[in-house]
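Undergrad: sequence isn't available, so here's the structure alone:
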DNA sequence: CTGTTAGCGCATTCAT
DNA sequence: ATGAATGCGCTAACAG
């Protein structure tokens, strides 16, 4: 391995000077600078990043914690983060919790062991009280998922409004019996959507029936299961709000199996505007989330926090959602109102 | 920051002894070992990984290079790799090429700068001749994508057989005019599938018509575009082989728009067995790829190569594919033969 | 079985 | 503007 000493020797200079050149110090004569460059070139020298990290106490790495990558939402999120991180001179470490608290805590240890300069949490399996312990070791911010009480930067989407818009749309189509279907009891993202959902219902003076609530739906398979349950009801809902396009697609697939037409007999709205929402029959009305923007913002905020050492303070960045109306909610049997 | 010296001091021992218990050395008395544990516990000590890396010349990190994560195939691949890497005591760095040669080379530099102990390439934008330069800096293996001439370990799938099986299935349904549709001119994965495709056709004495070849289809949108082109032909194919379920879904979506029924008027077969293949109307016949197995194998092989320092040699691991017949290829107008 | 010593490769005082 | 010296935190000889 070629080290800074080798370069110094070949250039006939001291390692200090070489180091200065590498780190773009101002006061180095053009002449010596040239010599150093030549020597580096000749030897194919590249600084050893472990040594640098040890010296600088900075690894130029950040980690992102997500539930799992197979979920297309997180695939997109991480894709955008990787690009943003690279542009900012950072490498991105990927950490999946697989919905396990222990695994999540294990990943947080990266901050203790100084393997990363900061962490973006897009997952939240543990309570904030236990996560906050790690704040001593480095900056930690939340992205998408969040905890209201955490006094750190949080980049999130306006999920309340998202739930509200989607539900309001269903109500405008004349629906009064609307089911609610989401994933994750603990998830504040899901909770906020429910808040928006409730708000819309309240505005129309409609009480929510507990039998219409489904809280463990994440996948297409789950969606199909939900449909079966709905189908078996004596007084089924005429519309269903879902927390993801996959679940909506599952409901549609389930309906197809049972010969129930959508939106004629049941309206369904998704969430995410994933590609899947454009290819089901019918196409899924959904709520578009600015994933890329959110990812970029998260990376930039974290990098800022890494640079100015100051302790983290409470910060909130909220991005808007957008309702996208397609086929799965319009043209149903009910008369549109308003 | 609490260091090994602090622990040594509190325990009334030397740092060597502390280091020995940390690294599970055999010959340390139970008594002292206990003292060290107590001191570590009390101080909340955690070894600094930069220092360890510098000393050991091992970072316990590996990188995986993929085109992009949004592609669900790579999402799954990376998901499984992360789990396998963690189980083997490694962190996984994610690197996307975004189909750029320069970006890919940039990621390879991680090996030079000693930021990772090894790299799994699931992307291949550059020629092997330029990539092989990096072999001096650490182990490098290929996974899924490959270059025949590379004398390194390669974990791949039997794409030739995959293309063959799928095409054979189409032929058995009585099709004689079969289009071929894939992504990536450079990709050997695509090339091998084409080889299998050609082989099947040859067995039936059917020459391939160049007009039936599409080589730039990756996404749903691309699939829709392909359908339009097929639809506009004076002598269109009766079946189409596609390199991904997304493209197949796009063709189905396109057909729906034009009122062409599938498989009645056109049969379509996908590749990957993604969830999308189960929810389109009709469901997509496809080829299942053992992604998780491949990911695990790749991680294990790389970890092995990292451990025994020996220079890499040519190794091939090939996993089988499986044909999954659903609705998009059966029940068409042609009489099944054989 | 345990302590002392010497670096790993680099950036940064402190001199000059 | 440049060089010499020091130490980041850790592991590994080498003694004993």
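TA: Alright, I've got the coordinates. Computed from a prediction, not measured in an experiment: that's the story for all the values here.

Undergrad: how about the contacts made by the spatially closest residue to residue A:192 that is not a sequence neighbour?
TA: Distances taken as CB to CB, 6 or more residues apart in numbering or on different chains place residue A:159 nearest to residue A:192, at 3.7 Å, with adjacent residues excluded. (Each C-beta comes from the backbone N, C-alpha and C, glycine too.) Contact analysis of residue A:159 by CB atoms under 8 Å, 6 or more residues apart in numbering or on different chains lists A:189, A:192-193, A:196, A:321.

Undergrad: let's go with 10 Å and repeat that
TA: By CB atoms under 10 Å, 6 or more residues apart in numbering or on different chains, the residues touching residue A:159 are A:144, A:146, A:187-196, A:243, A:271, A:287, A:289, A:318, A:321.

Undergrad: quick one: buried ones out of those?
TA: A:144, A:146, A:187-196, A:243, A:271, A:287, A:289, A:321 (16 or more other CB atoms under 10 Å in any protein chain shown).

Undergrad: in strands, which of the residues you listed appear?
TA: The strands, defined by DSSP state E, take in residue A:287 from the buried ones among the contacts of residue A:159.

Undergrad: re the thing from before, what about the residue nearest to residue A:192, distance to DNA strand C?
TA: Separation of residue A:159 from DNA strand C (CB to the nearest atom of the strand, to the nearest Å): 43 Å.

Undergrad: equivalent analysis for residue A:285, please.
TA: 54 Å.

Undergrad: neighbours of the nearest residue in space to that residue that is not next to it in sequence, just the number please.
TA: For residue A:285, ignoring the flanking residues on the chain, the nearest one in space by CB to CB, 6+ apart is residue A:329 at 4.1 Å. Close neighbours of residue A:329, defined as other CB atoms under 10 Å in any protein chain shown, add up to 28.

Undergrad: got it, and residue A:173?
TA: Count around residue A:173 with other CB under 10 Å applied: 25.

Undergrad: test my guess that it contacts residue A:239.
TA: Yes - with contact defined as CB atoms under 10 Å, residue A:173 counts as touching residue A:239 (7.3 Å).

Undergrad: picking that back up, just the contacts of residue A:159: which are in helices?
TA: When the contacts of residue A:159 are checked against helices (DSSP state H), the matches are A:188-196.

Undergrad: how near is the residue in the stretch 101-250 of chain A positioned nearest to DNA strand D to residue B:172?
TA: For the stretch 101-250 of chain A and DNA strand D, the shortest gap (CB to the nearest atom of the strand) falls at residue A:114, measuring 8.2 Å. Distance of residue A:114 to residue B:172, given as CB to CB, to the nearest Å: 60 Å.

Undergrad: quick one, which of these two is more surrounded?
TA: Neighbour comparison, residue A:114 and residue B:172: the larger count goes to residue A:114, with 23 against 15 (by other CB under 10 Å).

Undergrad: helix, strand or coil for the more buried one?
TA: coil (DSSP: H, G, I helix; E, B strand; the rest coil).

Undergrad: who's in contact with it?
TA: A:53-54, A:57-59, A:61, A:137-138, B:1, B:46-52.

Undergrad: now it: closest residue in space, sequence neighbours ignored.
TA: Counting by CB to CB, 6+ apart, residue B:48 is the residue found nearest to residue A:114 once chain neighbours are left out, at 5.3 Å.

Undergrad: tell me which element the nearest residue to residue A:135 once chain neighbours are set aside is part of?
TA: Of all residues not flanking residue A:135 in the chain, residue A:312 sits nearest, at 6.6 Å (CB to CB, 6+ apart). Under the criterion DSSP states H and E, no helix or strand holds residue A:312.

Undergrad: how about the contacts made by residue A:312?
TA: Counting by CB under 10 Å, 6+ apart, residue A:312 makes contact with A:118, A:135, A:138-141, A:150-153, A:305.

Undergrad: how much space between it and residue A:108?
TA: 15 Å.

Undergrad: what does residue A:28 give?
TA: Residue A:28 is 41 Å from residue A:108, by CB to CB.

Undergrad: can you check residue A:57 too?
TA: 19 Å.

Undergrad: who's more crowded, the two?
TA: residue A:108 (22 against 12).

Undergrad: how about the more buried one: what's its closest non-neighbour residue?
TA: Residue A:108 sits nearest to residue A:134 (CB to CB, 6+ apart), 4.8 Å away.

Undergrad: hmm, back to that, drop anything exposed from the contacts of residue A:114.
TA: Buried subset of those (neighbour count, 16+ other CB under 10 Å): A:53-54, A:59, A:61, A:137-138, B:46-52.

Undergrad: for those residues, which one is nearest residue B:235?
TA: Of all these, residue B:235 sits closest to residue A:61, with 56.4 Å by CB to CB.

Undergrad: so that closest one sits right up against residue A:118, yeah?
TA: Yes - using CB under 10 Å, residue A:61 is in contact with residue A:118, at 8.9 Å.

Undergrad: any common contacting residues for the two?
TA: Joint contacts of residue A:61 and residue A:118 (CB under 10 Å, 6+ apart) are A:90, A:110.

Undergrad: who's in contact with the closest residue to residue A:89 other than its chain neighbours?
TA: Once flanking residues are discounted, residue A:89 sits nearest to residue A:60: 6.2 Å by CB to CB, 6+ apart. Residues near residue A:60 by CB under 10 Å, 6+ apart: A:49, A:52-53, A:85, A:88-91, A:116-117, A:306, B:113, B:115.

Undergrad: which of these fall in strands?
TA: Per DSSP E, the subset of these in strands is residue A:91.

Undergrad: where does chain A have its least confident helix or strand?
TA: One helix or strand of chain A scores below all others by mean pLDDT, DSSP states H and E: helix A:276-279, with a mean of 89.

Undergrad: related to what we said a few turns ago, with respect to DNA strand C, which of the contacts of residue A:114 is nearest?
TA: residue A:54 (4.5 Å).

Undergrad: leaving out chain neighbours, which residue sits closest to that closest one?
TA: Using CB to CB, 6+ apart, the closest residue to residue A:54 is residue B:50 (4.2 Å).

Undergrad: cool, thanks, talk later.
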